[in-house]
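[1] have a look; sequence and predicted model below, questions after that.
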Amino acid sequence: MSTIAAYVYRHGRRVREASLTEDGLALEPGEFVWIGLFEPEEHELRTLQKRFGLHPLAVEDALSAHQLPKVEVYGDELFVVARTAQLDEGQIRYGETHIFLGPSHIVTVRHGSARAHTNLRAHLEASPALLKHGADYVLHGILDFVVDGYLPITDQIEEAVLAMEHKALDAFLSRDEIRALFQLRRELLRFDRLLGPMEEVASRLERLDFPCVDAEVRPYFRDIRDHVRRVGLRVGALRETLASVFEVSNLLEQQRQGAITRRLASWAAILAVPTAVAGIYGMNFDYLPELHWKYGYYAVLGAIAVACLVLYLAFKRSKWL
Amino acid sequence: MSTIAAYVYRHGRRVREASLTEDGLALEPGEFVWIGLFEPEEHELRTLQKRFGLHPLAVEDALSAHQLPKVEVYGDELFVVARTAQLDEGQIRYGETHIFLGPSHIVTVRHGSARAHTNLRAHLEASPALLKHGADYVLHGILDFVVDGYLPITDQIEEAVLAMEHKALDAFLSRDEIRALFQLRRELLRFDRLLGPMEEVASRLERLDFPCVDAEVRPYFRDIRDHVRRVGLRVGALRETLASVFEVSNLLEQQRQGAITRRLASWAAILAVPTAVAGIYGMNFDYLPELHWKYGYYAVLGAIAVACLVLYLAFKRSKWL
Amino acid sequence: MSTIAAYVYRHGRRVREASLTEDGLALEPGEFVWIGLFEPEEHELRTLQKRFGLHPLAVEDALSAHQLPKVEVYGDELFVVARTAQLDEGQIRYGETHIFLGPSHIVTVRHGSARAHTNLRAHLEASPALLKHGADYVLHGILDFVVDGYLPITDQIEEAVLAMEHKALDAFLSRDEIRALFQLRRELLRFDRLLGPMEEVASRLERLDFPCVDAEVRPYFRDIRDHVRRVGLRVGALRETLASVFEVSNLLEQQRQGAITRRLASWAAILAVPTAVAGIYGMNFDYLPELHWKYGYYAVLGAIAVACLVLYLAFKRSKWL
Amino acid sequence: MSTIAAYVYRHGRRVREASLTEDGLALEPGEFVWIGLFEPEEHELRTLQKRFGLHPLAVEDALSAHQLPKVEVYGDELFVVARTAQLDEGQIRYGETHIFLGPSHIVTVRHGSARAHTNLRAHLEASPALLKHGADYVLHGILDFVVDGYLPITDQIEEAVLAMEHKALDAFLSRDEIRALFQLRRELLRFDRLLGPMEEVASRLERLDFPCVDAEVRPYFRDIRDHVRRVGLRVGALRETLASVFEVSNLLEQQRQGAITRRLASWAAILAVPTAVAGIYGMNFDYLPELHWKYGYYAVLGAIAVACLVLYLAFKRSKWL
Amino acid sequence: MSTIAAYVYRHGRRVREASLTEDGLALEPGEFVWIGLFEPEEHELRTLQKRFGLHPLAVEDALSAHQLPKVEVYGDELFVVARTAQLDEGQIRYGETHIFLGPSHIVTVRHGSARAHTNLRAHLEASPALLKHGADYVLHGILDFVVDGYLPITDQIEEAVLAMEHKALDAFLSRDEIRALFQLRRELLRFDRLLGPMEEVASRLERLDFPCVDAEVRPYFRDIRDHVRRVGLRVGALRETLASVFEVSNLLEQQRQGAITRRLASWAAILAVPTAVAGIYGMNFDYLPELHWKYGYYAVLGAIAVACLVLYLAFKRSKWL
Ligand SMILES: [Mg+2]
Ligand SMILES: [Mg+2]
Ligand SMILES: [Mg+2]
Ligand SMILES: [Mg+2]
Ligand SMILES: [Mg+2]
Ligand SMILES: [Mg+2]
Ligand SMILES: [Mg+2]
Ligand SMILES: [Mg+2]
Ligand SMILES: [Mg+2]
Ligand SMILES: [Mg+2]
Ligand SMILES: [Mg+2]
Ligand SMILES: [Mg+2]
Ligand SMILES: [Mg+2]
Ligand SMILES: [Mg+2]
Ligand SMILES: [Mg+2]
Ligand SMILES: [Mg+2]
Ligand SMILES: [Mg+2]
Ligand SMILES: [Mg+2]
Ligand SMILES: [Mg+2]
Ligand SMILES: [Mg+2]
Ligand SMILES: [Mg+2]
Ligand SMILES: [Mg+2]
Ligand SMILES: [Mg+2]
Ligand SMILES: [Mg+2]
Ligand SMILES: [Mg+2]
Ligand SMILES: [Mg+2]
Ligand SMILES: [Mg+2]
Ligand SMILES: [Mg+2]
Ligand SMILES: [Mg+2]
Ligand SMILES: [Mg+2]
Ligand SMILES: [Mg+2]
């Protein structure tokens, strides 16, 4: 059984539990029911579809998951899809929450690793003055809950990006670090992709005149939109930062290669002196006068040492060494 | 003969076959005819043009193919062009489906490798309650069918991109793999290009008040738009991923080149020691005292070995080796 | 004399030639005159300006050329500028066609290498049923003619891009090929630049309610817009392809450089063995026992060969050779 | 106590101090109160909320900070968030100023390092003719004050960018300079990010008909928008400049590497001559006639010198040296 | 005194000079005054402000300069800011022209190196039929004059870009040329930045219904907008061209580096032969039979020559040499 909870509310207070039957879902005027499902069986959703007249296209979406965040109007009904994200042992898990909102009912369908709504329900029931707004206020509560879940993810990614940035500037990136940089970039891309449609969902709920959403509740959706936008701007800045970490790593590695090339060239030039000179005096000519000088060997050793030193200082001065 | 099928429907049920003649296309009120053609001859389309008053510009498009996806209104008629794509032995084949929609007729014209509509027709006829909506519901069915064909392509490209990504991170790309990366990128570009106009087609059919499309059928086009958008977002993410695989390959190759350069420099320096020393003692000076020492040879061999070892350890410590 | 042709039409049929004088341009109700000029003298345009009340700003544009494609309304007149492009011995030549459209006149002014309208006029006169639409249909005919001229250019550039792409993937680009790649990119940039404004011209003529353009003729401009858009999408794809040919060439050249560096390093290491060993045994120590062994020379030769072979195989196994 | 100042104004002149109590905030018709708070306690804001009916969502924002710049309408109230930036010992410090604007009150809440409004208040009180406009004119004054604070920051960053640009063109960038370049780029990104929303705030206050903002005051917000836009364009240009400094550094370093490679190759070739020749004459063949020539040694030395000179001149001519 | 000229016009003709006093600025119905100032003192503008009721925000802008191009409405007044650019000894000088337009006055305030309006005034006075349109036509004349000043700049930059492009393709860029490329890019960026706002100014004057601008004059502003757009498209193309000159230089330098590396490798391999062989025969083994062969020396020389030749031809065939 996938039902998590189903309760009837009146004047902002829980009045009784509901059961997913024709009778169990009967409502008095002024009451609304909030039903929470987790990866339901098809027949469960079909029962609710019959009772509340849910639109077949929306029910189909809610069964199959893999939807983008969206708000859809079917007659006097609203169908909302939100994308959830949560940290699970350092990994981001994505899920979906589908919400059917009618004049006197709200049905939520969770897919994937979405966090349970138990605490959320308790939290909302603790403020009857607000819950009195009705099912549309519950919709706000759920979206707020979903979007609050983005914050720890952004924090963690930000930390990882900052660490990567420091590494890239302090030392040269190893093969594994370049790989990690790429993975981070991909994680950000994936996360960024859900923010645009989520912001649009909140923005439309605030701006447009939808059925079942009262005017007093609409500013609350603006609050959610602001939250998503803030996350989105941070993520956007992180993406730009990572992109320029790539560029700066490139430039640093190139600069380093240049420095090494110049150092190698200097030492090669310095070492060429003894090699060339020794080669000359290693020739077997019968008549090669220097070979017979008394201090020829020491003179040559000294000349080699002087030449090497001169070169060394010259390179040192031009900063090649 | 290019006609695939032509049947008349009443109350969502097939009532008789139609023939492409004046008489064969006569319709009672409440009936509509669905005619499916595959790469028709000009005269066949001209017959239908006369019978249903199809606009000459639309007929011309339907004859020549090579159109972009679009929706056009001619008087109380609709002309829709959809781009089809299918896998054929691992290759993507592109085609076009042109649709004329009138108050009591729908004519489809397939070009290229589009899959036949036989199964689609059977599938739609199996739900008379929905087919009762009329020819506009058939239009939805066809577009849905076309767009469903995009999914296996996206899946296959995604697999190829993931494989390429793993290769690029695990080992260095060979010449052939770089070539394959480029081909994949081009394939994605080509596929991405049909998604934008297709999304616009579905979106306009949902949002705008077109002739021959009833209000109850419009949400069905939203469903198609969502499907195309989902494919489009996945393709967009794959394109960004491939672009950053290019960048990361670049950075990895550069990092590797740097590592090799440093290694080479180290070994060159180590090998310079015996060469230089041996050069010195290969000189033919009359007076070169070390040559006459008893253990001169061993001393020099030892000195060379020690110098090489010291250099080796120094390079090891600075991570050049 | 720059007049190409000037004829009066009634009911879609040519009824008489017109001369550029007050009398020669007198029209009965239901008639319109189509005047074609090629790089006219100022006084010729001034005559027409007086007769038809052309706006001075439009006349000035038509005299000087160097306009961007645009549609302008002056009172109940329309002034349209189209950019022409044609192949002339493998080169793209750009020109301009300016069109003044009034209730009963259409004046075309061609600049640059635009193709003559003789065939176009014959083609339009061949369908009096369509030409009956009046001067606005002639406007459509001219724009259609201009845009049809883009196709062979796109075809030729596409061929060149494909050839370049194959070269870049199959072999390494030479200096001259890189230069040709750059030229192609520039040609594409230049051609792409005229497509945006041309599409806007056609699109506005279809969407907006302009004077002198009847509702029945407007769908014909949509056809032109589609044509331009198609060309534009192909050109856009070619530009993206060329841009990634640049990137892939870069990556391939870098990969090749890396491979060569590794090969050089391998051979340098292998050759370092005989050099170092021979250096040792070329030293002149009095006491160097190996020199006096009977098979010392062969032993050393053999040791060198073995060491080189071992290195060779090691490099072979690590794919550096 | 976090209250900075609270005064009541009538006809553009300060008439008395207000205290944050029920009585202390009583106002006559034609009066408005301007209350300035710095990082207030929750209970302080709650008092004002009760007195002026501030919306709970706005109060929550004002308590927690971390908002993006925005304008929000709650009933006949306005809630504005502005981002402040100031230089503090060469570092940019970011802060926030939240403003509640009602028909007869304006409450400002400063967070972070925002500069105090003491001088601003004195400045506004100095022009009673303008302050007579009421609380909306104070809103303008505060936003103007905030935006004026951006100027010294832009100036300082511009100076740093110009210095960096000169360095990059005059000499080669060191590792530390590349790092500084990156830091500057990030600073600019961060600063640029607050400009877009700030411009939107000013632009909406000018264009839209908000409660509590009179028509005569609206042009003043346009002035602020222009100021932000100007800063934004300068910052945008600086970002593009820095990006192309990256590119040009890359190209310069590559060009330099190429020049060094060619120089090294030249010297390697020149030094290869004595090495090869000396090697030949160092061989121990019994019969090697040149060794026994009288001036063999000098001839060889001369030949080496000539060959080296020829090579040197050849390289000089081809600009490799 | 900063006044350049001040004249009163009636029916398109100059009727008298005006002086900047209360009396000197009195106007009959049907008259308008055109006052031209160059970097005026504050008191001069204040006089005009009092006389014509200029808005304080506009006057402040006109005093301080450093504005972006814009059009602002204050009551029934218009305030226009235009950016001027002119060549001064091969350098681009930027300036600003501020224009106050009222029902019967137009005041221009020039800042920076803007060209004087003397010739412009003469030119406009030469066509009383047009000047009869009134002060709005003068506004058109001034903007036209400003925008005409962009042309020689575009021409000069275009020439410089083409020259740079040819250099980059024909030879390799030197350090100084890379620097010049960067400067050119920056110059273009700076110039491009003024075109967007200027186009918007002209476009708004054409499209929107502003006070003091009559319907007959509005098409003249469209002409200016077209002019700016044309300049903008050329500048945009130049920027894209320069950006791809960067890319192509990169690719060419890389290709050249690769070619040199291969050439060096070839020569290094060829020279390794004599070195290695000579090393072998320079060893001092007692028993090294080849040393005692009669033609050993010549045989070895020959073998070396043959080996070098074989290598040379092999490299030649593989295009490394
Ligand atoms: Mg984003
Ligand atoms: Mg974002
Ligand atoms: Mg982003
Ligand atoms: Mg993005
Ligand atoms: Mg962003
Ligand atoms: Mg950006
Ligand atoms: Mg796209
Ligand atoms: Mg695309
Ligand atoms: Mg897409
Ligand atoms: Mg995309
Ligand atoms: Mg996309
Ligand atoms: Mg995208
Ligand atoms: Mg993106
Ligand atoms: Mg473009
Ligand atoms: Mg295009
Ligand atoms: Mg394009
Ligand atoms: Mg395009
Ligand atoms: Mg494109
Ligand atoms: Mg482009
Ligand atoms: Mg930005
Ligand atoms: Mg900006
Ligand atoms: Mg920017
Ligand atoms: Mg900007
Ligand atoms: Mg920018
Ligand atoms: Mg720009
Ligand atoms: Mg531009
Ligand atoms: Mg541009
Ligand atoms: Mg442009
Ligand atoms: Mg631009
Ligand atoms: Mg552009
Ligand atoms: Mg780029």
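    That came through, no problem. Residues are numbered from 1 along each chain as shown, chains lettered A, B, ... in the order given. Ligands and ions are numbered 1, 2, ... in the order given.

[2] strands of the stretch 101-250 of chain A, start to end?
    Read by DSSP state E, counting those that start in this stretch, the stretch 101-250 of chain A holds these strands, from start to end of the chain: A:105-112.

[3] in it, what residue lies closest to ligand 9?
    Of all residues in the stretch 101-250 of chain A, the one sitting closest to ligand 9 is residue A:193 (11.8 Å; CB to the ion). (Glycine included, C-beta is placed from N, CA and C.)

[4] contacting residues for residue A:299?
    By CB atoms under 8 Å, 6 or more residues apart in numbering or on different chains, residue A:299 lies in contact with A:290, A:293.

[5] helix or strand for it, which one?
    Counting by DSSP states H and E, the secondary-structure element that holds residue A:299 is helix A:296-317.

[6] show the average pLDDT along that helix.
    Confidence over helix A:296-317, taken as the mean pLDDT, stands at 92.

[7] mind checking how far it is from the chain centre?
    Averaging C-alpha coordinates over helix A:296-317 and over its chain gives two centres that are 59 Å apart (CA atoms, centre = their mean, to the nearest Å).

[8] burial measure for the residue lying closest to residue A:10 once chain neighbours are set aside, as a count.
    Here the nearest residue to residue A:10 in space, its sequence neighbours aside, is residue A:31; by CB to CB, 6 or more residues apart in numbering or on different chains that works out to 4.8 Å. The burial metric for residue A:31, expressed as a neighbour count using other CB atoms under 10 Å in any protein chain shown, is 17.

[9] was I right about residue A:31 contacting residue A:104?
    Yes - assessed by CB atoms under 8 Å, residue A:31 is found in contact with residue A:104 at 6.5 Å.

[10] do the top helix by length along chain A and ligand 21 come into contact?
    Counting residues, the longest helix found in chain A (DSSP state H) is helix A:218-281. No - using CB under 5 Å from the ion, we find that helix A:218-281 stays clear of ligand 21, coming within 12.9 Å at best.

[11] and that helix, does that touch chain D?
    Yes - part of helix A:218-281 sits near chain D under the criterion CB under 8 Å from any CB of the partner chain, namely A:219-220, A:222-223, A:226, A:229-230, A:233, A:237, A:240-241, A:244-245, A:247-248, A:250-252, A:254-258, A:261-262, A:265, A:268-269, A:272, A:275-276, A:279-280.

[12] pLDDT below threshold where in chain A?
    By pLDDT under 70, the low-scoring segments of chain A are A:1-3, A:113-114.

[13] in space, what's closest to the one residue in it that gets nearest to chain B - neighbours in sequence excluded?
    With CB to the nearest CB as the measure, residue A:278 is the residue of chain A nearest to chain B, at 3.4 Å. Of all residues beyond its chain neighbours, the one nearest residue A:278 is residue B:279 (3.4 Å), with distances taken as CB to CB, 6+ apart.

[14] give me the neighbour count for the one you found.
    Counted by other CB under 10 Å, the residues lying close to residue B:279 total 24.

[15] for it, what are its contacts?
    Contact criterion CB under 8 Å, 6+ apart gives A:274, A:275, A:278, A:279, A:282, C:279 as the residues in contact with residue B:279.

[16] turn those into a markdown table, columns for distance to residue D:135.
    Formatted as a markdown table, the entries for the contacts of residue B:279 read as follows, by distance: CB to CB, whole Å:
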| residue | distance to residue D:135 |
| --- | --- |
| A:274 | 87 |
| A:275 | 87 |
| A:278 | 92 |
| A:279 | 92 |
| A:282 | 97 |
| C:279 | 92 |
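
[17] residues contacting the residue of chain A found nearest chain E?
    As assessed by CB to the nearest CB, chain E sits closest to residue A:282 within chain A, at 7.2 Å. Residues near residue A:282 by CB under 8 Å, 6+ apart: B:279, B:282, B:283, B:284, C:282, D:278, D:282, E:282.

[18] one more pass at 10 Å, please.
    Residues in contact with residue A:282, defined by CB atoms under 10 Å, 6 or more residues apart in numbering or on different chains, are A:291, B:278-285, C:279, C:282-284, D:278-279, D:281-282, E:282.

[19] next, residue A:96: secondary structure please.
    Using DSSP: H, G, I helix; E, B strand; the rest coil, the three-state assignment for residue A:96 comes out as strand.

[20] tell me how far it lies from ligand 26.
    Using CB to the ion, to the nearest Å, we find residue A:96 at a distance of 43 Å from ligand 26.

[21] before we move on, back to that, wait, doesn't the residue of the stretch 101-250 of chain A closest to ligand 9 sit right on residue B:235?
    No - Residue A:193 lies out of contact with residue B:235 (CB atoms under 10 Å); the separation is 12.0 Å.

[22] higher neighbour count, those two?
    Summary of the neighbour comparison: residue A:193 and residue B:235, criterion other CB under 10 Å, with residue B:235 having more neighbours (22 against 17).

[23] stretch A:282-292: end-to-end distance?
    The separation between the terminal residues of stretch A:282-292, taken as CA to CA, to the nearest Å, is 13 Å.

[24] gap between that stretch and the chain center?
    Taking the mean of its C-alpha atoms, stretch A:282-292 sits 75 Å from the chain's own mean (CA atoms, centre = their mean).

[25] which parts of that stretch are buried?
    Of all the residues in stretch A:282-292, those buried under the rule 16 or more other CB atoms under 10 Å in any protein chain shown are A:282, A:283, A:284, A:285, A:288, A:290, A:291.

[26] go on, stretch A:240-252?
    Under the neighbour-count rule (16+ other CB under 10 Å), stretch A:240-252 has A:241, A:242, A:244, A:245, A:246, A:247, A:248, A:249, A:250, A:251, A:252 buried.
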